[in-house]
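> coords please:
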Amino acid sequence: MGKEQILFKSEEKMSPRQVAELLRTIADKLESGTVILARGDKETVLKIPDRVEVELKAEKETGRSKTTKKLEIEVEWLIGASAKSKGPVTIK
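Next comes the predicted model:
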């Protein structure tokens, strides 16, 4: 594994409706080929290639005092390469 460099990070509480709106905006930007993440004077520009790898993961973590669930959506690509398809995913 190589060295990871965080280019941009944001974490905030939102309603499910706000998250859905954010995901719709991200979807539109992915489709256009450029995603720009900005907060204050920091801006990160991501050029999206024609093929990317998408990872969906649902997790449940049980601790002593609480149980949390998580839905992770990760979009990944190699710079200068296209991702190979492993088959379509469906959301029901």
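
> CA atoms for contacts and neighbours, from now on please.
OK.

> Taking the centroid of the chain, which residue is nearest it?
Per Cα atoms, centre = their mean, the C-alpha nearest to the average position across the chain is that of Glu74, at 4.1 Å.

> Can you name the residues bridging to it?
Glu55 (DSSP bridges).

> What segments of the chain are helices?
Remark: helices assigned in the chain by DSSP state H are 16-32.

> low pLDDT regions in the chain?
1, 81-92 (pLDDT under 70).

> if we go to 80?
For the chain, the stretches flagged by pLDDT under 80 are 1, 80-92.

> Any figure for the gap between Glu11 and Arg39?
Computed as Cα to Cα, to the nearest Å, the Glu11 to Arg39 distance reads 12 Å.

> When those two are compared, which one has more neighbours?
When Glu11 and Arg39 are compared for neighbours, Arg39 comes out ahead with 10 against 5, by other Cα atoms under 10 Å.

> now the more buried one: how far from Glu53?
To Glu53, Arg39 is 26 Å away according to Cα to Cα.

> Now for Ala20, how many residues are close by?
Close neighbours of Ala20, defined as other Cα under 10 Å, add up to 12.

> Same question for the one 3 residues further on.
The tally of other residues near Leu23 (other Cα under 10 Å) stands at 12.

> ditto for the one 10 residues further on
Neighbourhood size, Gly33 [other Cα under 10 Å]: 12.

> One more: the one 5 residues further on?
Other residues near Ala38 come to 13 when the count uses other Cα under 10 Å.

> Report the separation between it and Phe8.
With distances taken as Cα to Cα, Ala38 is found 8 Å from Phe8.

> again with Thr34
Taking Cα to Cα, one finds Thr34 at 15 Å from Phe8.

> between these two, which one's more packed in?
Neighbour tally, Thr34 and Phe8, criterion other Cα under 10 Å: the higher count belongs to Thr34, 15 against 12.
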